[in-house]
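Visitor: have a look at this fold, sequence not included:
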């Protein structure tokens, strides 16, 4: 049964992403040859007035094939007016079409999170970054931190943060680069900065403090959207920090691929519908963010190329584009092999 939930999960995220490209292309009157879910041989095809809608054998990925994406027409047998080809559209329209998939992924995450909080009826508001209790014999106690201290600044190397909430504090500790951190607190109206040598734990570093209890806010149909947006912003920052760390070669063992997503699906289903939908929201946001990376095979890379051509008024040759995309595919395939090995290794432990 998990395989069905897994396929539904991927299908919704992929279909909503590609639907964004499709709708934006239709909005700007770009001719769309095909809207496809999956890759490889076609299992099902339905020809619309213009666009062919298909389901393909490998349920990983998908695409929207538009006239004028490349110099060479993939369907020379179809006569498409020049003003309906993508390369003849203004740069701003092309960028909207390219980013529409990312937007739809973000919207899916936003709607799911909003509905989850509406269903629960409460939103756990993170309190201020104040220490309620310093644990005995903890790094915080050894550094001289005290109950009631308000943490206003964290610094470690070139990383700094001014936490407004205890959640911000936890985000900073999620991606520490070493054990020592400078903590600035306000105590009796005075600012004090102390170095704290953190304690290594299975899920990161700890200093041994407790914060205020969460404040539960009542959620209604009117305010659930604000809380959904707030939670999505938190996840966005958290994932952004993770992506930044990965780009600098850190925490590579935390990467997951299809095997890891399958395992996460199995676990989320055991928590019920809310757990499953939460995983869908997180993955949809992650897919959207990853597509913003400036790699030519991703939406972000296509935006960079479009901006380059618009600014310098020089169209990149198809050979250069193919070369860049080929190199990126090699990189992505290698990354997929690596994350799959990561997932299998974790399962074998």
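Guide: On my side now, so go ahead. Keep in mind that this is a model prediction, so the values were computed, not measured. Numbering: from 1, shown residues only.
Visitor: show the pLDDT at the closest residue to residue 51 other than its chain neighbours.
Guide: Distance criterion C-beta to C-beta, 6 or more residues apart in numbering; nearest residue to residue 51, sequence neighbours excluded, is residue 32 at 4.6 Å. Every residue, glycine included, has its C-beta placed from N, CA and C. The model reports residue 32 with a pLDDT of 93.
Visitor: can you list the low-confidence ranges for this protein?
Guide: 71-72, 174-178, 202-204, 245-264, 266, 329, 332, 334-349 (pLDDT under 70).
Visitor: residue contacts, the spatially most central residue of it?
Guide: Centroid-nearest residue in the chain: residue 286, 2.0 Å away (criterion: C-alpha atoms, centre = their mean). By C-beta atoms under 8 Å, 6 or more residues apart in numbering, residue 286 lies in contact with residue 239.
Visitor: please report the distance of it from residue 279.
Guide: Using C-beta to C-beta, to the nearest Å, one gets 10 Å for the distance from residue 286 to residue 279.
Visitor: ok, now residue 17?
Guide: 16 Å.
Visitor: in stretch 78-87, what counts as buried?
Guide: 80, 84, 85, 86, 87 (16 or more other C-beta atoms under 10 Å).
Visitor: rebuild those as a markdown table, extending it with distance to residue 191.
Guide: Shown next, in a markdown table, are the buried residues of stretch 78-87 (distance: C-beta to C-beta, whole Å):
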| residue | distance to residue 191 |
| --- | --- |
| 80 | 66 |
| 84 | 63 |
| 85 | 61 |
| 86 | 56 |
| 87 | 58 |
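Visitor: looking at those residues, spot the one nearest residue 114.
Guide: residue 86 (33.4 Å; C-beta to C-beta).
Visitor: ok so, going back, looking at residue 17 and residue 279, which one has more neighbours?
Guide: residue 17 (25 against 20; other C-beta atoms under 10 Å).
Visitor: please, which helix or strand holds that one?
Guide: Under the criterion of DSSP states H and E, residue 17 resides in helix 2-27.
Visitor: packing partners of that helix?
Guide: With contacts defined as 3 or more C-beta pairs under 8 Å, 6 or more residues apart in numbering; DSSP states H and E, the packing partners of helix 2-27 are strand 32-47, strand 52-66, helix 91-120, helix 258-270, helix 273-290.
Visitor: any idea where the helices of the stretch 101-250 of the chain begin and end?
Guide: 139-143, 166-174, 224-247 (DSSP state H, counting those that start in this stretch).
Visitor: what backbone torsions are found at the most far-flung residue of the chain relative to its centre?
Guide: Farthest-out residue of the chain from its mean C-alpha position, per C-alpha atoms, centre = their mean: residue 188, at 40.8 Å. The phi and psi values for residue 188, taken as degrees, to the nearest 10, are phi 60, psi 40.
Visitor: residue 195 against residue 182, yeah?
Guide: Yes. Taking C-beta atoms under 8 Å as the definition, residue 195 is a contact partner of residue 182 at 5.5 Å.
Visitor: tell me the buried residues in stretch 142-157?
Guide: Result for stretch 142-157 [16+ other C-beta under 10 Å]: buried residues 143, 145, 149, 151, 152, 153, 154, 155, 156.
Visitor: great, nothing more from me.
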